[in-house]
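> Got a predicted structure plus its sequence, pasted below:
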Amino acid sequence: MKKLTELLEEYQSVVLGTQGSNGYPFSSYAPFYYDGEQVYIFISNIATHAKNIQTIPQASAFFIEDENRCKNIFARKRISLQCDVTSVSRKEETFSAIMAHFQSKFDAEMVTMLMGMKDFNLYALKPIYGEATFGFGEAYNIGGEKMNELVARTGDSGHK
């Protein structure tokens with residue numbers, strides 16, 4: 001069975017779903033790095049989704065196949081993760097390690113410039129549950145010890 005790491009390799013950005021203080025959902029996107037357990041995003045405090053997760057530290061992370069690359073618009077490959085969110089301080093060892101991955105995955109000069117901007121923060125999205133769909137009749141829950149494996153559906157929704 002495939003691991004989430006393999007499935008997310010083809011993506012560079014994640015669609016984020018957060019909840020505003022007004023109770024309404026908000027969608028946006030951010031470049032990400034996935035370490036096999038958590039999805040990391042590096043975003044500005046000015047962004048609405050940053051303000052939302054600072055108030056309500058939960059988010060959905062949604063990955064979807066490019067509609068120009070799929071054969072059937074109704075059966076696009078997609079992965080949805082429901083996550084708890086924590087901030088990663090610049091003082092933590094993890095910060096430097098994750099940002100090095102951002103620099104190797106994306107434009108290193110751009111990432112370095114953004115790191116110099118104090119309003120940008122690193123957040124870790126830890127999957128609590130999720131699901132993956134790869135076409136009609138090919139749906140899985142996300143599970144395993146580290147919430148990074150596809151698990152055959154057993155008729156339940158997989159939600160807590």
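Arrived safely.
> Could you check how far the residue nearest to the spatial centre of the chain is from residue 112?
The residue lying closest to the centre of the chain (Cα atoms, centre = their mean) is residue 61, at 4.0 Å. Using Cβ to Cβ, to the nearest Å, one obtains 25 Å as the distance from residue 61 to residue 112. For the C-beta atoms, the positions are set from N, CA and C on the backbone; glycine is no exception.
> how about the helices of this structure, start to end?
Assigned by DSSP state H, the helices in the chain fall at 4-8, 48-55, 93-105, 108-115.
> Where does the prediction get shaky in this structure?
Scanning the chain with the threshold set as pLDDT under 70 gives 1, 155-160.
> Regarding the protein, what is its longest strand?
Across the chain, the longest stretch assigned as strand under DSSP state E is strand 120-133.
> got the buried residues for that one?
120-125, 127, 129-133 (16 or more other Cβ atoms under 10 Å).
> re the thing from before, for residue 21, which of the helices of the chain is the nearest?
helix 48-55 (5.5 Å; Cβ to Cβ).
> which other helices and strands contact the closest one?
Counting contacts by 3 or more Cβ pairs under 8 Å, 6 or more residues apart in numbering; DSSP states H and E, helix 48-55 packs against strand 13-19, strand 25-34, strand 39-44, strand 58-64, strand 120-133.
> That helix: how far from the chain's middle?
Helix 48-55 has its C-alpha centroid displaced from the chain centroid by 15 Å (Cα atoms, centre = their mean, to the nearest Å).
> Same question for stretch 95-104.
Remark: stretch 95-104 is offset 16 Å from the chain centroid, using Cα atoms, centre = their mean.
> Over to stretch 119-139?
On Cα atoms, centre = their mean, the centre of stretch 119-139 falls 5 Å from the chain's centre.
> swap in stretch 9-17?
The answer for stretch 9-17 is 6 Å, by Cα atoms, centre = their mean.
> What residues sit buried inside it?
For stretch 9-17, by 16+ other Cβ under 10 Å, it's 11, 14-17.
> same thing with stretch 32-41?
Of all the residues in stretch 32-41, those buried under the rule 16+ other Cβ under 10 Å are 32-34, 38-41.
> about what we covered before: the residue nearest to the centre of the chain pairs with what?
Here residue 61 sits in beta bridges with residue 16, residue 81, going by DSSP bridges.
> same check, this time on residue 120
Beta-bridge partners, per DSSP bridges, of residue 120: residue 44.
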